[in-house]
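> Need a 3D model of the sequence below.
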Amino acid sequence: MMLKRGVPAIALLVLAAAVQPAAAQSMEDRARYWAASCAACHGFEGRSVSEVPGLAGKSKADLYRALLDFKSGANKTATVMHQHAKGYSDAQLEAMADFFSKQKR
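Predicted structure coming up:
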């Protein structure tokens, strides 16, 4: 069976099968990847070893509210957090807040 422009249907099925694992990745797994960018300042899995606040084990609601405040500009105290937060959707920020809240301090 051939589709438009000579693309065999089997080629589309193979492509769809290759893409599916990434699409099926859980929100928790994706949050772990997004949160990895926070490690440079907040430490691995949110366990800070510097004066930058740690995120691990904090309340999901508090973390999420803080991220939303950075994103909206309500909190202007950080030097780069407002720019980082603007790069994520609210759902992504909530997933990262959930991820950090589940980490041991």
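
> Give me the pLDDT value at the residue lying closest to A74 once chain neighbours are set aside.
Excluding the flanking residues, the one nearest A74 by CB to CB, 6 or more residues apart in numbering is L68, at 7.9 Å. In short, each C-beta sits where N, CA and C put it, glycine included. Looking at L68, its pLDDT stands at 97.

> How about the one 3 residues further on?
At K71, the predicted lDDT confidence score is 96.

> hang on, the earlier thing: can I take it that the residue nearest to A74 is in a helix?
Yes. Under DSSP: H, G, I helix; E, B strand; the rest coil, L68 sits within a helix.

> oh, and call the first residue 158 from now on, that's how I've got it
Okay, residue one is now 158; in that scheme the one you just asked about reads as L225.

> That one - how many residues pack around it?
Counted with other CB atoms under 10 Å, the neighbours of L225 add up to 16.

> element containing the spatially most central residue of the chain?
Nearest to the mean C-alpha position of the chain, by CA atoms, centre = their mean, lies W191 at 3.0 Å. If you go by DSSP states H and E, W191 is part of helix 184-193.

> Also A254?
With DSSP H and E as criterion, A254 is part of helix 247-258.

> Contacts only, for G230.
G230 is in contact with H239, counting by CB atoms under 8 Å, 6 or more residues apart in numbering.

> Repeat that for the one 3 residues further on.
By CB under 8 Å, 6+ apart, the contact set of K233 is H239.

> quick one: it and S183, what's the gap?
According to CB to CB, to the nearest Å, K233 and S183 sit 34 Å apart.

> got it, and R189?
9 Å.

> Settle it for me: which of the two has more neighbours?
R189 (15 against 9).

> which residues does the more buried one contact?
Contacts of R189 by CB under 8 Å, 6+ apart are F256.

> now the one 10 residues further on
Each residue near H199 by CB under 8 Å, 6+ apart is listed here: S205, V209, P210, G211, L212.

> Nearest residue to the fourth one in space, please, no chain neighbours.
This points to G211. That would be S205: by CB to CB, 6+ apart, it lies 3.8 Å from G211.
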